[in-house]
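Asks: what's the 3D shape of this:
(2 chains)
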Amino acid sequence: MFDDTIAAISTPLAAGAISVIRISGNKALSIADKIFKCDKLKAPSDAEPEKMYLGKISVPNFTERCFFVYFKAPKSYTGEDLVEFQCHGGVKITEKVLEEILKRGAVLSGKGEFTRRAFINGKLSLSDAENLIEMINAESDCALISASRLLYGNFGKEIKDFFNAVTDLIAESEAVLDYPDETEDLLAEFPSRLETIYKRLKFFADGIKISKAVKNGITVAIIGIPNVGKSSLLNALLNKDRAIVSDKAGTTRDVVEDSFEYDGFKINILDTAGIRKSTDEIEMLGTEKAKFEAENADLVLFVTEADRELFEEEKELLKNLNSYITVKNKSDKLKKIPDNTDKVIYVSSKYNKNINAVSEKIVSFFRQGFKEFGGEIVTSLRHAELIKESLNRLKDCIDGAKEGQPLECILIDLKESRRALGKIIGDTADEGIIDAIFSKFCLGK
Amino acid sequence: MEKNFDAIVVGSGHAGVESSLALARTGKKTLLLTLSLDSISFMACNPSIGGTAKGHLVREIDALGGQMGLSADAAALQLKTLNTGKGPAVHSLRGQEDKALYHRIMKRELERCQNLTIIQSEAVEVLTQNNCVCGIKTSLNSSFFAPVVILTTGVYLNSRIIIGEYTKDCGPNGFENAKSLTSNLIDLGLPVRRFKTGTPARVKKSSLDFSVMEIQYGDDIIYPFSFMHDCTEGKGIPCYLTYTNQKTHEIILANLKRSPLFNGTISGTGPRYCPSIEDKVVRFSDKERHQIFIEPEGMDTDEMYVQGMSSSLPFDVQEEMYRTVKGMENVQIMRYAYAIEYDCLDPLCLKPSLETKKIKGLFCAGQINGSSGYEEAAGQGLIAGINASLYLSGKEPLIIGRDEGYIGVLIDDLVTKGTNEPYRMMTARAEYRLHLRQENADIRLTEKGRDAGLVSDERYSAFLKRKEEIEKCFSLLEKRVPQSDCKSFLEECNESVPICGATYSEILKRKGITAAKLKSHFNLFSDISLRTMLYAESEIKYSGYLIKQKAQIKETLMLDKKKIPENFDYESIKGLRIEARQKLCAVRPETVGQASRISGVSPADINVLLVCLKEDKNKK
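Replies: Next comes the predicted model:
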C-alpha cells in the first residue's frame, strides 16, 4: 500500500537500557540484510518471523551488538514487513544506526506514521481513528509552529533564499523550454549558477551539525584517565547521584548517560570509563567506548586533577580530541584557586564548587557557534535530511549538466531539490514556478 | 422539424466542433447550435495551430480520434518543429494555417458527418428538470430536447470589444455575441466570472518591406500533426521577424492614459503569457525591443497577422506605433487590434469528466472553462464529447491521467486548482514531461480512443502496425553493430570507438548520434520508419530519467486510485483544518490524488482524509 519504507527510533531519545529502532515497509528486510550480521543466519531475509536473533550491526567506525526481530506482513504492528533492532541505550549509538538505515534507502518517519500505517492497513480498531487524527494534527501543528518560527529566524530565511534561488533557476529554464523564440540567451550561466547554489548550500549544511545540537540537545562526553572524578562531576552537574562513585579506579565500566537543562539548552551528558592501558577485557571495551563517545560528542569535558601537572598519558589523550574544555577537579585540594581561563575551569565536585561555570561554559561554547547564523537556529534531523536530499539532487543536476544531459532532464532533479527545501519552509505549490516565469520574463505573443 | 436529440452542443468553435464530431461519430443523434455558420472553427486570433505544449495537445487529440490534427495538416501553410535544440520531450510542432481554408474544411467535415444536425440559432436558456439538463431554448423561442448539453460558448458570452475609447457589444471580429445565456447560467447557480484577452492588428502584405526583416521558413521535411499522415516535404509560405524599438515604446508610454487597460475601462482578468504590447512595455521597461512576427493569414488573402503587438490602444495610436517598427513604416492596417472581454465559468464547478457538478448531463468545454487557445479548447471539447457519449451509454467517463497526457494535465489543473487568468498549456505544467512526448501520443492514447469508439478501424490497424514496428525496432537495436561498420560510422560522426564493440542501442544513447543518422547509415533499419526510430531514440536517450519519473508516477497513481464517495461529508470530519475543509467542499475531488493537488490542502489533511475514508468504508 505504501511505497516507501520508513524508519524511526521508537524508544525515547534519551539514556535507557535499550533503544528500539523500527523499519517498516517493503524494503525493511533488504535494508536489514545490508547492515545486520548474525552467525545463525545467512542473511536477515532468511530469518524466521517473530524470532529474536543476536548479532551485530555494522556502521562505519563501530559495530554494535544487538537483537534483531522480523515481523512478516501482515502480522506486524503496521501490517507491513517490519524489522526491529534492539540496541544498547544511548543517543549517539542509536542515531548512528538510524542514519545508516536512512542511508540504505529508508525515509525518516513522521510522528505517528507507524500508527497511521497500522490504521490504514486495518491493524487498529475504529476507536483509534480519532486519536490518530489528533496525533497527525499535533504533529503538523508542531511542524507549523516550527515552520512559522523558522520564517522569522535566520535559518528559515536562509532556506527561503536557497528555495527562491532554485525556483528562479527552474523558472528561467522552463521559460527557455516553453518560449524558445524569446529566451535563447537566458541560460548561458546555468551551470555556474547551479554550482554557486550548490556550494552555498553545502557550506550551510556543514554548519548544521551545531544547530542539530540545539534541537536534540548538546552531547557532551566526560573523558579522562581513571579516578580523576568524572562520575562525581556528572552527579554534580545533574545534581543527583546518577553514577556510582568510589575511590577505586575503574568503577565506571560502561557509558552512563543522562541529560539536564541549562539556560534553555538541553545537555546530554555521558560519563565514560577512565581511559588507560589495560589487559582486562571489560576495561578495554570500556576504553574503546569512551573513545568512540569522545569522537562523536559535540564537546568533550576533559577531566583532570587540579593539584598536579598533566600526566604523559593525558597529554597523549588530548591529541585526539577535537573540541574540549579542561575541567580541573578537586580544586578543594589547592590553597589558592587560580582564575578560570577560556579553556580551563577549576571545580570541586565533592563540595559542589564552580559547577555552574561548567554548564555556562558548555552553553557559551555553542552560542559562539550559532552567532554565525544569527544565534537562532532551530533544526532537526528531519530538516537536516531534507537539506541533504536537496544537496544530493543538486549534485545530480551538476553531474547531468556535465554529461550534457538535456535541460528537461536536469530539471527533474532540480525540481526534486526544490521540493525538499519546500518541505522545510512549508511551500510546495508548483504554481510558484509558473508565477516566477511570468514575473521575470516578458513572454508571449 | 426534429426537436428531440441525444445531445445538443452550443457553439461551433474549436471545442464545439470536436464535441459534436465525437458525439455524432459514436452514434449519438446530435444537434449543433451556432450563432453563425460562418464562424465554424474560426481562428479569431493567430493563424497558427500547435507550438510548445500545444503541439502535444494536437497530437493527443489526433491519437484519440479527434479532428483538429487532420484539418490542421490539410490547411497548413508551413510546418515547423520548435525547440529542436533541446530534447525530444519538448519538441513541438507548429503549423501556420490558412484560416479560411481551415474553416471550410471543418465546416465540410461537420456537414458530411452522419447523425449531426447544424442550425444557426442563438441558445438563450438551458432547460433543466430536477437538476438534470433536458434541452435548449433558442432566441427564436423554439426548444430542442436532449438529455445531454455541452456548452462551448468561447468568448461569445456578453462579450465586448475595446479599441481605446471605442467599445462595442459583440463577439470577436464583429460577430454577433450571446446576450442572454449568462443570466440563465447565473440562475442555474453556476459561478460566472469575467476574463479578457486580445488580438493584434491585421495588416496589408503589400504595404510591408520584407527586405529589412528576417525571413523564416518552415522545416524541409516534417511529420505533420496527424498520425494518419506521412512525412511531408516543403518549406511552405514564410513568416517574417522584426522588432519594436525605443520610438515604439515612447509612443505607447505617451498614450497610456488612453489605454483601456490602464484607465480602468477593462475589468476582466487577462492572461500573463499573452500580454498586450502596452503591458509588455510598462512591465518590462528595461527591455529595449520586443520581437514581432509577421504571419500570413491565408493563401488567398493579403492580410498578415502581427504577432507580438496585441493592443487595445485607440486606432490612431495603433497606426502611429505600428509605423515605428522596421519594415512597417508605410503599414496599412486592415483590421485594428482590440481587446475582448467575455463571461466564463469558474472551472471548479466541473467534474474531471467536464460535467457540471450541479446539473446532471450538462457539460462545458473550451474558453467557458477559463482556458485560452484553440488546442486547449479542442482537447476539452473532445473529452466533453466523449464523456457525454459515454454518459448517454451509461458508461464510466474517460479521465486522462496527468501521467497519460497533456489533456489530462489541462483538465485536472482546471477542475482541481481552478484558474485566475485564461489558462494556457505549457510543458512546465506537466510533471511527467519526459513521458508525454508528441511522438508517442498515439502509443499513450490510441487504445483509449478506441475504447471510446472514436478510433476508426483504419487508424487502429495503422496503430497496431506501428506497435509491431516498434517492437521490431527495439529488437534490432539490441543487436551488436558489426565491428568494421561500427568503427567507420562512429569515426564519421566524430565519436570515440568502443574497444569491445557495442549494440545499436548503446551507440544511439550517445548525444552525438541521432536516429536519422543511424537509419541512413545502416540498412538494417530500412524497413523501420523514421517516426518509429525517433520514438526509440527518445526512449533510449531518456531511459535513466524515465525510470526516475516512473517511480514518481507510481506514487501519485496510488492516491489517484483512492476514490472519495460523491457525497462524502467533509463537515463531519473534526480533524480537518477550516481552510482545507472549505477547499475540499468547494472542489469536491473525486480521488485522494485530486484532493492532494488542491492548494491549501496540506499533507496532514490528506492523512486525515485517508483515515476518515477508511473509517467510512469500515462503517459500511
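
Asks: chain A: strands as residue ranges?
Replies: Assigned by DSSP state E, the strands in chain A fall at A:6-9, A:18-24, A:36-37, A:52-59, A:62-71, A:82-88, A:107-108, A:218-223, A:256-262, A:265-271, A:299-305, A:324-329, A:344-346.

Asks: to B:C364, which of these lies closest?
Replies: B:C364 sits nearest to strand A:107-108 of all these, at 41.5 Å, using C-beta to C-beta. Where C-beta positions appear, they are placed from N, C-alpha and C, glycine not excepted.

Asks: that older thread, most packed of the strands of chain A?
Replies: strand A:218-223 (a mean of 26; mean count of other C-beta atoms under 10 Å in any protein chain shown).

Asks: mind checking how far that one is from the chain centre?
Replies: Relative to the centre of its chain, strand A:218-223 is centred 15 Å away, using C-alpha atoms, centre = their mean, to the nearest Å.

Asks: sheet partners, orientation included, of that strand?
Replies: strand A:265-271 (parallel), strand A:299-305 (parallel) (DSSP bridges).

Asks: for stretch B:522-531, the averaged confidence score.
Replies: For stretch B:522-531, mean pLDDT rounds to 92.

Asks: off-centre distance for that stretch?
Replies: Relative to its chain's centre, stretch B:522-531 lies at 33 Å (C-alpha atoms, centre = their mean).

Asks: show me what it is in contact with.
Replies: B:223, B:231, B:439, B:466, B:469, B:472-473, B:476, B:479, B:481, B:485, B:489, B:504, B:515-516, B:518-519, B:533 (C-beta atoms under 8 Å, 6 or more residues apart in numbering or on different chains).

Asks: and the longest helix for chain B?
Replies: Longest helix in chain B, counting residues (DSSP state H): helix B:457-477.

Asks: which secondary structure elements does that helix contact?
Replies: Packing partners of helix B:457-477 (3 or more C-beta pairs under 8 Å, 6 or more residues apart in numbering or on different chains; DSSP states H and E): helix B:441-451, helix B:504-508, helix B:530-541.

Asks: rebuild those helices as a markdown table, extending it with mean neighbour count.
Replies: Output for the helices and strands packed on helix B:457-477, formatted as a markdown table (neighbours: other C-beta atoms under 10 Å in any protein chain shown):
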| stretch | mean neighbour count |
| --- | --- |
| helix B:441-451 | 21 |
| helix B:504-508 | 21 |
| helix B:530-541 | 21 |
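
Asks: could those helices be laid out in CSV, adding distance to B:G270?
Replies: Output for those, formatted as CSV (distance: least, C-beta to C-beta, whole Å):
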stretch, distance to B:G270
helix B:441-451, 30
helix B:504-508, 45
helix B:530-541, 36
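
Asks: of all those, which lies closest to B:Q78?
Replies: Of all these, helix B:530-541 comes closest under C-beta to C-beta, at 20.1 Å.

Asks: next, the angle from that closest one to helix B:441-451.
Replies: 110 degrees (axes from the mean of the first three to the mean of the last three C-alpha atoms, to 10 degrees).

Asks: same question for the helix or strand following helix B:530-541: list its buried residues.
Replies: Counting by DSSP states H and E, the next helix or strand C-terminal to helix B:530-541 is helix B:543-561. Buried residues in helix B:543-561, defined by neighbour count with 16 or more other C-beta atoms under 10 Å in any protein chain shown: B:Y545, B:L546, B:K548, B:Q549, B:I553, B:T556, B:L559, B:D560.

Asks: just curious, which of those residues is nearest to chain A?
Replies: Nearest to chain A among the buried residues of helix B:543-561, counting by C-beta to the nearest C-beta, is B:Y545 at 4.5 Å.

Asks: hey, what's the residue nearest to A:C87 when sequence neighbours are not counted bridged with?
Replies: The spatially closest residue to A:C87, leaving aside those adjacent along the chain, is A:C66, at 4.2 Å (C-beta to C-beta, 6 or more residues apart in numbering or on different chains). Legend: beta-bridge partners of A:C66 under DSSP bridges are A:G55.

Asks: also the one 5 residues further on?
Replies: Listed by DSSP bridges, the beta-bridge partners for A:F71 are A:L82.

Asks: distance of it from A:L102?
Replies: Per C-beta to C-beta, to the nearest Å, A:F71 is found 20 Å from A:L102.

Asks: nearest to A:V83, out of the strands paired with strand A:218-223?
Replies: strand A:265-271 (26.5 Å).

Asks: I'd like the distance from that closest one to the chain centre, please.
Replies: On C-alpha atoms, centre = their mean, the centre of strand A:265-271 falls 15 Å from that of its chain.

Asks: B:K168: how many residues sit nearby?
Replies: By other C-beta atoms under 10 Å in any protein chain shown, the residues close to B:K168 number 13.

Asks: before we move on, what SS does the residue lying closest to B:G418 once chain neighbours are set aside have?
Replies: Counting by C-beta to C-beta, 6+ apart, B:G418 lies nearest to B:L348, which is 4.5 Å off, once chain neighbours are set aside. Secondary structure, DSSP: H, G, I helix; E, B strand; the rest coil: B:L348 is helix.

Asks: would you confirm that B:L348 contacts B:C585?
Replies: No. If you go by C-beta atoms under 8 Å, B:L348 and B:C585 don't touch, sitting 10.8 Å apart.

Asks: who has more neighbours, the two?
Replies: A count of neighbours by other C-beta under 10 Å puts B:L348 above the other of B:L348 and B:C585, at 19 against 13.

Asks: who's in contact with the more buried one?
Replies: B:P191, B:V415, B:G418, B:A586, B:V587.

Asks: ok, of the residues you listed, which one's closest to chain A?
Replies: Nearest to chain A among the contacts of B:L348, counting by C-beta to the nearest C-beta, is B:G418 at 10.7 Å.

Asks: report how many residues lie close to the closest one.
Replies: 20.

Asks: for the stretch 101-250 of chain A, give me the ranges with low pLDDT.
Replies: Scanning the stretch 101-250 of chain A for pLDDT under 70 picks out A:111-112, A:124-155, A:182-186, A:207-217.

Asks: and the stretch 151-300 of chain A, which of its residues are near chain B?
Replies: The interface of the stretch 151-300 of chain A toward chain B, taken as C-beta under 8 Å from any C-beta of the partner chain, is made up of A:E174, A:L177, A:D178, A:Y179, A:P180, A:D181, A:E182.

Asks: the fifth one contacts B:G85, correct?
Replies: Yes. The pair A:P180 / B:G85 is scored as a contact, 7.5 Å apart, by C-beta under 8 Å.

Asks: more crowded one of these two?
Replies: For A:P180 and B:G85, the more surrounded residue by other C-beta under 10 Å is A:P180, and the numbers stand at 18 against 12.

Asks: spatially, what comes nearest to the more buried one if we skip its sequence neighbours?
Replies: B:N83 (4.8 Å).

Asks: sweet, I'm off.
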